[in-house]
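**Q** need coordinates for the following:
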Amino acid sequence: MAKLPGPFLCGALLGFLRLSAPGLAVEVKVPSEPLSTPVGKTAELACSYSTSVGDNFALEWSFVQPGDPISASHPILYFTNGHLYPTGSKAKRASLLHNPPTGGVATLKLTDVHPSDTGTYLCHVNNPPDFYTNGLGLINFTVLVPPSNPLCSQSGQTSVGGSAALRCHSSEGAPKPVYNWVHLGSSPTPSPGSMVQDPPKGRVAGALIGVLLGVLLLSVAAFCLIRFQKNRKKKPKETYGGSDLREDATAPGISEQTSVRPDSSIGLLERPPSASTVTTTKSRLPMVV
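**A** Numbering: from 1, shown residues only. Prediction:
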């Protein structure tokens, strides 16, 4: 009986050392925010851990569908004894970013993601004798799917004073599409699947002003051209040929009579100092009878 406290105290001390010694507890880190990837692309679900990897190290990735409990998870792949074992419906598309995952990185790589890949993914690291934490990380993942063309229907009375119900839904779309109803009045009905948005008023006003200014400038140019053509037709053409005679022309052989004015002070005829003035003379041309 005297020897029993020795082994008991040693076991208790060893257990205390395991609890207090660094590196004995597995710590798993995953993104705190949900992850998302477009459909058909490759997703990387980050997972890292810190522990002293031993011979019994094991990694497991599993998947839980939306709305199901964690206990209903489905395995995706295992890594144990230095080998990787993909399993389940995602086996052909699932792999590890680093293989083997013994360096502290256990990121899952999933290619050609499908809409059915949306859900919760579990990264579970097991490294005996590190049993002091669960070594589990959870990632919420969403596959982004563009919405399909909405299918719309109506029911009820469409007459004045009646009640009618309008319904629209898309068979595909993640996250779930949100519909906005807009009353267009007498405007044309848009095609199904198109998004109707009112354009900014400033853009519409600028285009309208530009069109009106263009029409106004064309109208002014046309008016000026027509006015110019009319004035051109009304104005007579003044052309003189070499054989045309002026009414005030002097006949050949007859000199222009010089105008004289009496000067009361001198009493003599004074000829104006014009270069074109000549003295009146009689014609010396013979007259033929």
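
**Q** report pLDDT for the closest residue to T133 other than its chain neighbours.
**A** Leaving aside its sequence neighbours, T133 sits nearest to A25 (Cβ to Cβ, 6 or more residues apart in numbering; 4.9 Å). All C-beta atoms are positioned from the backbone trio N, CA, C, and that covers glycine. pLDDT, the model's per-residue confidence, is 76 for A25.

**Q** what about the strands in the stretch 51-200 of the chain?
**A** Along the stretch 51-200 of the chain, the stretches classed as strands by DSSP state E, counting those that start in this stretch are 58-64, 74-80, 83-86, 94-96, 108-110, 119-126, 136-144, 151-156, 164-169.

**Q** turn these into a markdown table, including mean pLDDT.
**A** Below are the strands of the stretch 51-200 of the chain laid out as a markdown table (pLDDT from 0 to 100):
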| stretch | mean pLDDT |
| --- | --- |
| strand 58-64 | 95 |
| strand 74-80 | 95 |
| strand 83-86 | 94 |
| strand 94-96 | 96 |
| strand 108-110 | 96 |
| strand 119-126 | 95 |
| strand 136-144 | 96 |
| strand 151-156 | 88 |
| strand 164-169 | 88 |
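
**Q** can you add distance to S36 and mean neighbour count and give those strands back as TSV?
**A** Converted to TSV, the strands of the stretch 51-200 of the chain look like this (distance: least, Cβ to Cβ, whole Å; neighbours: other Cβ atoms under 10 Å):
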stretch	distance to S36	mean neighbour count
strand 58-64	16	21
strand 74-80	18	18
strand 83-86	23	13
strand 94-96	18	19
strand 108-110	13	21
strand 119-126	12	21
strand 136-144	4	18
strand 151-156	26	10
strand 164-169	22	11
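
**Q** got a markdown table for those strands, with distance to V39 too?
**A** Formatted as a markdown table, the strands of the stretch 51-200 of the chain follow (distance: least, Cβ to Cβ, whole Å):
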| stretch | distance to V39 |
| --- | --- |
| strand 58-64 | 17 |
| strand 74-80 | 19 |
| strand 83-86 | 21 |
| strand 94-96 | 17 |
| strand 108-110 | 12 |
| strand 119-126 | 14 |
| strand 136-144 | 5 |
| strand 151-156 | 20 |
| strand 164-169 | 19 |
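
**Q** quick one on the thing from earlier: would you mind measuring from the residue nearest to T133 to V125?
**A** 11 Å (Cβ to Cβ, to the nearest Å).

**Q** anything in contact with each of those two?
**A** T51 (Cβ atoms under 8 Å, 6 or more residues apart in numbering).

**Q** ok so, going back, could you confirm the residue nearest to T133 falls within a strand?
**A** No - assigned with DSSP: H, G, I helix; E, B strand; the rest coil, A25 falls outside any strand and is coil.

**Q** how much space between it and S52?
**A** Using Cβ to Cβ, A25 is found at 10 Å from S52.

**Q** how many other residues sit next to the residue nearest to T133?
**A** 16 (other Cβ atoms under 10 Å).

**Q** before we move on, what about E33?
**A** With other Cβ under 10 Å as criterion, E33 counts 7.

**Q** dump the residue contacts of it.
**A** If you count contacts by Cβ under 8 Å, 6+ apart, E33 has none.
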